[in-house]
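> got a sequence here, can you model it:
(4 chains, ligands or ions: 4)
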Amino acid sequence: PAPVTTSDGTDTTVLTPGTNADTAVDLKNKKLAFINAGPDDYYAAFGNAFTAVAKSYGMNVAELNSAYSAEKELANVQDMISAGVDAIAVISANTAGSSAAIAAANSAGVPIFYVGGKPELQAGSEIQGHVTDSFVMMGYMAGQWVSEKYPQAKCVTIPGQLGQRMAEGEVVGFAMALDEAGMTPLKVLASGEWQKEKTVPIMEALIDSGEKFDVVFAANDETAFGVIQVLKERDIPIKQYPDDGKDGIVVVSNNGKDSGWDAMKDGGLAISVPNPPSLSADLCVQQIVKYFSKEPYKKQIQITPSIILDAKNTDKGISWVLDTYMKQRANNVFEWNLSYYEESYDKNMVKYEKFDKAVDDYMAKH
Amino acid sequence: MIKKDLVNEKKWENALTKKLMHHENSSILFVLLLVIALVVLAEFFLARGMVFKDLAFLSSRNISSVLQQVSITGILAIGMTLVMLMGGIDLSVGQLMGFIGVLMASLIKAGNLPMWSIVLIGMSTAIVCELLMGLIISRTKLESFIVSLGFMSIYQGFIYLITNGREISIGDKFEFIGKTSINITSNFKIFSSVILYVLLTVIVWLAIKYTKFGRRLYFVGGNENSAFLAGIGVKNFKLWVYGLNGFFVSIASMIMISRLSTGGPNMGQGKEIDVIASVVVGGTAMSGGKGNVWGALIGVILLGCISNALNILGVNPYYQYVMKGGLIVLSVFIGYYSGLRKKSKTRLNQRSIA
Amino acid sequence: MIKKDLVNEKKWENALTKKLMHHENSSILFVLLLVIALVVLAEFFLARGMVFKDLAFLSSRNISSVLQQVSITGILAIGMTLVMLMGGIDLSVGQLMGFIGVLMASLIKAGNLPMWSIVLIGMSTAIVCELLMGLIISRTKLESFIVSLGFMSIYQGFIYLITNGREISIGDKFEFIGKTSINITSNFKIFSSVILYVLLTVIVWLAIKYTKFGRRLYFVGGNENSAFLAGIGVKNFKLWVYGLNGFFVSIASMIMISRLSTGGPNMGQGKEIDVIASVVVGGTAMSGGKGNVWGALIGVILLGCISNALNILGVNPYYQYVMKGGLIVLSVFIGYYSGLRKKSKTRLNQRSIA
Amino acid sequence: MQSETILEMDGISKSFPGVKVFDNLCFDVRKGEVHCICGENGAGKSTLIKILSGAHMPDSGTIRIDGRVVENNTPHLAMGLGVQTIYQEHNLFPLLSVYENLFAGNEYTKGGLLRKSEMVQKTSEILAFLNSDISPFDIVGQLGSGEQKTVEVARAFIKESKVIILDEPTASFSQAEIKNLLHIVKKLSSEGISIIYISHHLEEVFEIADRVTVIRDGMKINTYNIKDLDECTLINDMVGRDVCSFFNREKVDIGGIKFEATDFSGNGVSNVSFVVREGELVGFSGMVGAGRSELAELLFGVKKADTGSIKIDGKDVRIDSPIDAILNGMCFITEDRQSTGLSLQHSILSNSNIAMYSKDNKRFVKPSDDLRVAQKYCKSMNVVSPTVHQKVSLLSGGNQQKVVLAKWFATNGSIYIFDEPTRGIDIGAKEEIYKIMTQLLKEGKSIIMISSDMPELIAMSDRVLVMRKGRLVADIPKDEMTEENILKFSIGGGSDD
Ligand SMILES: Nc1ncnc2c1ncn2[C@@H]1O[C@H](COP(=O)(O)OP(=O)(O)OP(=O)(O)O)[C@@H](O)[C@H]1O
Ligand SMILES: Nc1ncnc2c1ncn2[C@@H]1O[C@H](COP(=O)(O)OP(=O)(O)OP(=O)(O)O)[C@@H](O)[C@H]1O
Ligand SMILES: [Mg+2]
Ligand SMILES: [Mg+2]
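Ligands and ions are numbered 1, 2, ... in the order given. So this is what the prediction gives:
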């Protein structure tokens, strides 16, 4: 195929010429480094899946943690280059510093892969693979859902850790969807820092302040749990389905993790836009395998949630828990093959680019 | 020769009991009232369109939730006050609370131990952890700051090892301590954690005022060497104070997991900063020997009110950081100045220079 | 009659100049060497299957990257050492560094100011911020801990307000300070930030040793009252030291954004803890008056090595927290004991100077 | 007088890094006796009593109290055995009240609860017994140095004790208080309590001692019955040479007015005016709390005066802070070396140079110059220390005082304010210091000397000004200078307000 060029000018397709696909590559002695962004639920799921899937190919993984710090992330990459690993995969909470990390890896000749946010690529540097997601799009999907079902609603959000790409992104996406639908603008509350603990007092204050609201967009499932707990404690009715005829507050979130499924089934959480970290990690490993076996693969793919989870379709959710995930994968409950996502990325690319442009326009306006 | 003035002496006594118990706290209390007044005014003018009805900040519902919100920080602050009075500091309380929380949550989830034994395990682990730290601090001349910083990181590792980075949900298996309440009206609830907090404050206050142990905190914190020369077993004393702090930490973690029905890996993170800030705002000196639990209580409520008020007033989250920081500085500042004024009223000359 | 022994006196003098300049640091240096030796051994036996070739930890590439990694913390540590020698503390450095970083990044991105003026703005903002804080701390008796805590939160708010929560990418517009290097071999690079760090350390060391400012720093930290009586304008002195700290913070933020090509909203978060830990591990007392910049340098390298070594040895990240905490405690502990031993070894029977 | 031995130290050795204080020292105290210990600064007197009290562990040797061998002595243990110690340096809790300080570590409790009123009651009783008008509720940090010492002395009386150790208790006392204390000591010994008493004031020693032990160079030189001892022997034993106990100052010609303070008020001082001439030493006398130290603080710009102006060499000068004072050639040796004189954790070297730095505007220091200055003064005042790099906290009390003096002599000022300059300094070194002072006078410099040591005041002063309740009440010329005369004005015999 002809090389495709994205808006940021990187070449996204690689075909390694002159190799024989039949040559069995010895993956057994490959040592990978997985540099995780921070210690929490979301990233732990990344790490677990990455390690397990890589092991299933016979590779070894050393996992590191950057504790959300761009500087530490760069240091981790450097350390792994020193340690002489065969490939490095990075998931970062922010993309700051990625250019330095990529430059370091390039100059040492160590292949580097990214999962999650878009790294900064400077001229002359390259990465060997990239599985991106888009929190802006996830926020947008949630917002769209709300604008369809509750066009009159007044929405508030409890964002995740301020300053993090994902936290800020999903708020932008959600606000944009409301804006497009001409709804009352989104009110941003204090940060729940992705945690139930920090969410509870914010929610309590919101209710006590007498502010009127119909929908709470929680940054993640954990935040949603905090919101639901407070609503329940205050005996405030929760509305789960647009057509259930009741009045109440609608709680929507991102994540779609296993405990979120329970929350939906228990009648609290209305929807959750899923972003299973395990799948992203899986795809990243597959890219690495292709790289080592010198098979062709697309250097960059973006995955977006194919469905929005609610109480009725939780069985379609992709698990965050390693055992369940591996079982689902073995049973082909969901598509996990890299080539499927490469194709769908090809198909959707134009849509993504349009979306990105729309986001840029929206941001320029606000 | 030198005159005796018994009348004056009596006067002094009254003035001074007041001074010791109340004076110290009156300036911070003043700051608290000032902040409350300002918030009410702000709400009145900005949010409520000048109608006095329905002021959310002073609603009984909000008061009960603020009290509940601060009770965890507050209980940690009691222990921290003891440690700081003694001239130490403990940066590990946040992570230790998290560690004990996830430890208990995981045991509860596993479900094969009776609840009382889990409580016991949680408590004794906390106390043992603190005793261990106390042992190092009291037996060597190492700074408590750095030792507790090290332990903070150790506990953080423990938390991740136990949880593997995941929340451990315990459902309603441990509701009593964090969720039950006495409902005075449907809106005004006094939660068990609040009662516990006030109770512990009163007990510690009495203990500090009326027991040898309590007074010795001030001796050890005031001048360790003199305390040793006065025959106080400084080393063991410090050890026990850290142990006691462990007790308060364990209570705080129980309330935490009970209230949230979850033991989360990042639960106590950064809590130590809130706790220390509250205690210091409440008038306890970092150098030891000065302060009291009522001050800490007011400090805890003050900082809790600030957070709550910023939320209630709907301040932009980015501005909240600026305002919170500014208010912390301002409140110690006002506390300091109103303290000064008071002092200069009592006695003219200050002995200390500069 | 007291004996005079001038020969001995000379000996003492030599022994003691050594003692003063080196002794203080020798125990922490010892810890550093110990850790290095242990890591090399561990790598030899565990990771490399007993082959001495290719020890990653001591490879020139790794050494150059460790040095580069620590230079930001290190430069902040110089300023913090000055503040702590004087008996203060500054918890705001991490966020201030972030604030200056995003401020400069946003100006660079806007692109309508020449680079030198942006550098000037960054520097002077940092200095003014610190001076402001210094003004409060030096003019009142407020604890620097709580004041700087408040400022920390304020700067955090500023960061979010400037960045609106987003990263500001500056590409390669500001490469010099963080990215250029002298390449001794293709693997062994000495980065400009490292050179700057060492240079600043040397300058500050000389300044402390050979200027009145430096000698007074210790004295103010040792006894403020007596410093005041000895004709030191303690208040202004403190003010300037905070201002100076602002200078170091601004340098650190320049390296940071240059190195990461980005001004990120969470960039300096938590940095103050690393900095203070390094400084204290390096032998500076929290109470002031004791310590030096070389100790801080060794402390910075030690903590940097520990992180790096745990990564290289492939230690599980969750265990890394445990081990890092443990090693912090252990290194102050060893430092303390080897310090003790040294003292009791010094010579007996010298009674008189003159 | 019984001769039953209550306390015995046998074969005590003790060394600190760089210093061997004792080698095989023996010492005993009998029941009901007053046993004085004499020796030069740094001879080891304080160390000896700290070993007794459990504050230091001896390297070897045995301690027997009341016949019982005490092993692993701690302050707690020693106090339990009836040994109460008043240390040379303040060991108080400045933020707490007098009664709390008194009972620190020995609180009265009942069923675990403090019995505050009883402690307060007892405190009042003890303070009354000591003839002090301090209130039990005063905050100790706000008391003057002498009053603080009184509080410490009072601590010895809260419990029944067998031995009371007093390490230089009178250093910040004025004549009246000294008299009072000596009276009390005598009374206690007559009740069968043994007293160990350390003082550099030999007249006190001769007044109360039953026996005197002299230590020098880590050895006990001798223990005498007071009957068999005369001043010359004592001094000779202590110092190893002849020193006259009564210093006779050389006469210096007094020049024109050098320093003129007019109408100083504030900080507890009211309307004080006086002049000091070139080559003149003006003594200040008064009871504890008369406001002399306060006046000095005003003059030196440490505290803001409400009113008052200073002329130096006939020119008006503005002194708003110590820096101004130092630049105008003033020096201020404060009475409390621990809290305002020294930075205890730093070396002799850095302490002795710090004030000198304020004299000029040079930015750089030369370590070798600093070293020379420190060594010069250590030598001339005989500072006992292994090196000038020693931390001053590890020096003996008297030697610390010498470092304070060195710090100010090094500034080479022209107007000296000495507040209790020879506190805790031994008789040999005192002579050296008096010589230095005389030398300063000869160079045309002026000295203001606040002192509670009456012989010193009389021997050294050209004039004595007496203060009472913050006012100057008398200006006594040399020829009318007698103890009675000064005392009369101090306690207000002359006039009343
Ligand atoms: N902790 C210590 N470390 C090192 N040296 C010490 C220590 N304590 C005392 N010394 C030294 O021991 C010697 C004896 O000191 P000590 O305080 O007993 O003298 P002293 O007889 O009480 O003198 P003074 O009359 O000045 O009070 C001195 O040289 C002193 O420097
Ligand atoms: N900050 C203060 N608060 C209350 N009283 C004070 C304060 N400072 C000093 N005083 C009191 O002022 C009086 C004067 O003390 P000062 O020390 O000046 O007297 P003095 O003549 O120097 O006597 P001496 O130094 O011998 O004690 C004392 O009674 C002291 O207690
Ligand atoms: Mg002594
Ligand atoms: Mg005085």
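> and residue B:139, how many neighbours?
11 (other Cβ atoms under 10 Å in any protein chain shown). (C-beta placed from N, C-alpha, C; glycine too.)
> leaving out chain neighbours, which residue sits closest to it?
Excluding the flanking residues, the one nearest residue B:139 by Cβ to Cβ, 6 or more residues apart in numbering or on different chains is residue B:235, at 6.4 Å.
> what do you get for residue B:170?
Once flanking residues are discounted, residue B:170 sits nearest to residue B:108: 4.7 Å by Cβ to Cβ, 6+ apart.
> does residue B:159 touch residue B:99 like I think?
Yes. Between residue B:159 and residue B:99 a contact is recorded at 5.2 Å, counting by Cβ atoms under 8 Å.
> in chain B, what spans have low per-residue confidence?
B:1-23, B:47-53, B:339-354 (pLDDT under 70).
> closest to the centroid, which residue in it?
In chain B, the residue lying closest to the centroid (Cα atoms, centre = their mean) is residue B:77, at 1.6 Å.
> wait, a helix at the residue nearest to residue B:170?
Yes. Under DSSP: H, G, I helix; E, B strand; the rest coil, residue B:108 sits within a helix.
> so which residue of the stretch 1-150 of chain B comes closest to chain C?
Going by Cβ to the nearest Cβ, chain C is nearest to residue B:150 of the stretch 1-150 of chain B, at 3.7 Å.
> doesn't that residue fall inside a helix?
Yes. Residue B:150: assigned to a helix according to three-state DSSP.
> neighbours of it, how many?
Residues lying near residue B:150 (other Cβ under 10 Å) number 27.
> so what's it up against?
Residues near residue B:150 by Cβ atoms under 8 Å, 6 or more residues apart in numbering or on different chains: C:325-329, C:332.
> so which of the residues you listed wins on neighbours?
Neighbour max across the contacts of residue B:150 (other Cβ under 10 Å) = residue C:332, 28 neighbours.
> ok, it to residue B:136 distance?
9 Å (Cβ to Cβ, to the nearest Å).
> with residue A:356 instead?
55 Å.
> more neighbours, these two?
residue B:136 (21 against 18).
> what about the residue nearest to that one when sequence neighbours are not counted, distance to residue B:80?
Among residues not flanking residue B:136 along the chain, residue B:147 sits closest, at 5.5 Å (Cβ to Cβ, 6+ apart). Residue B:147 is 15 Å from residue B:80, where distance means Cβ to Cβ.
> tell me the contacts of the nearest residue to residue B:183 once chain neighbours are set aside?
In space, not counting the residues next to it along the chain, residue B:183 is nearest to residue B:189; the distance is 5.0 Å by Cβ to Cβ, 6+ apart. Contacts for residue B:189 (Cβ under 8 Å, 6+ apart) come out as B:64, B:68, B:181-183.
> what residues does the stretch 101-250 of chain D put near chain B?
D:104-107, D:109, D:112-114, D:120, D:124, D:128, D:131-133, D:135-138, D:141-143, D:176 (Cβ under 8 Å from any Cβ of the partner chain).
> who are the contact partners of the residue of the stretch 101-250 of chain A found nearest chain C?
For the stretch 101-250 of chain A and chain C, the shortest gap (Cβ to the nearest Cβ) falls at residue A:163, measuring 3.1 Å. Contact analysis of residue A:163 by Cβ under 8 Å, 6+ apart lists A:94, C:159-160, C:163, C:165, C:264-266.
> repeat for residue D:311
The contact partners of residue D:311, taken as Cβ under 8 Å, 6+ apart, are D:257, D:259-260, D:262, D:317.
> do residue B:34 as well
residue B:334.
> in which helix or strand would I find it?
helix B:24-42 (DSSP states H and E).
> is the helix or strand just after that helix in proximity to chain C?
Moving toward the C-terminus from helix B:24-42, the next helix or strand (DSSP H and E) is helix B:60-85. No. Using Cβ under 8 Å from any Cβ, helix B:60-85 stays clear of chain C, coming no nearer than 10.7 Å.
> tell me which other helices or strands helix B:60-85 touches.
Helix B:60-85 is packed against helix A:196-208, helix B:93-110, strand B:189-191, helix B:192-210, helix B:212-222, helix B:234-260, helix B:271-281, helix B:293-312, with contacts defined by 3 or more Cβ pairs under 8 Å, 6 or more residues apart in numbering or on different chains; DSSP states H and E.
> now those as TSV including distance to residue B:124?
Converted to TSV, those look like this (distance: least, Cβ to Cβ, whole Å):
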stretch	distance to residue B:124
helix A:196-208	24
helix B:93-110	10
strand B:189-191	26
helix B:192-210	18
helix B:212-222	21
helix B:234-260	8
helix B:271-281	21
helix B:293-312	24
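> out of the ones you listed, nearest to residue D:467?
Ranking the helices and strands packed on helix B:60-85 by distance to residue D:467, with Cβ to Cβ as the measure, places helix B:212-222 first at 31.9 Å.
> distance from that closest one to the middle of the chain?
18 Å (Cα atoms, centre = their mean, to the nearest Å).
> ok, it near chain C or not?
No. Counting by Cβ under 8 Å from any Cβ, chain C is not contacted by helix B:212-222; separation bottoms out at 13.5 Å.
> helix or strand right after the helix or strand hosting residue B:154?
For residue B:154, the host element (DSSP H and E) is helix B:144-163. Later in the chain than helix B:144-163, the nearest helix or strand by DSSP H and E is strand B:168-169.
> list the helices and strands whichever helix or strand comes after that following strand packs on?
The first helix or strand that comes after strand B:168-169 along the chain, using DSSP H and E, is helix B:176-179. Counting contacts by 3+ Cβ pairs under 8 Å, 6+ apart, helix B:176-179 is packed against helix B:192-210, helix B:234-260.
> and of those, who's closest to ligand 3?
When the helices and strands packed on helix B:176-179 are compared by Cβ to the ion, helix B:234-260 sits nearest ligand 3, at 22.9 Å.
> below-threshold pLDDT in the chain: ranges please.
I went with chain A, as the question did not name one. A:1-25.
> please refer instead to chain D.
For chain D (pLDDT under 70), the answer is D:1-3, D:243-246, D:493-497.
> kindly export stretch A:156-170 (C-alpha atoms) in CSV.
Output of stretch A:156-170 as CSV, limited to C-alpha atoms (Å, rounded to 0.1, in the frame of the first residue of the first chain):
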residue,chain,number,x,y,z
VAL,A,156,-22.1,19.3,35.4
THR,A,157,-18.8,17.4,35.3
ILE,A,158,-16.3,16.3,38.0
PRO,A,159,-13.1,16.1,36.0
GLY,A,160,-10.1,13.8,36.6
GLN,A,161,-6.7,15.0,37.6
LEU,A,162,-6.3,18.5,36.3
GLY,A,163,-3.6,19.0,33.8
GLN,A,164,-3.7,15.4,32.6
ARG,A,165,-4.3,14.9,28.9
MET,A,166,-7.2,12.5,29.4
ALA,A,167,-8.9,14.5,32.1
GLU,A,168,-8.8,17.7,30.1
GLY,A,169,-9.6,15.9,26.9
GLU,A,170,-12.8,14.3,27.9
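> contacting residues for residue D:27?
Listed by Cβ under 8 Å, 6+ apart, the contact set of residue D:27 reads D:8-9, D:12, D:48, D:213, D:220, D:223.
> then residue A:226?
A:158, A:192, A:195-200, A:203, A:218, B:260.
> so how far is ligand 4 from the residue of the stretch 201-350 of chain B found nearest chain D?
The nearest approach of the stretch 201-350 of chain B to chain D comes at residue B:230, 3.5 Å away (Cβ to the nearest Cβ). Counting by Cβ to the ion, to the nearest Å, the gap from residue B:230 to ligand 4 is 26 Å.
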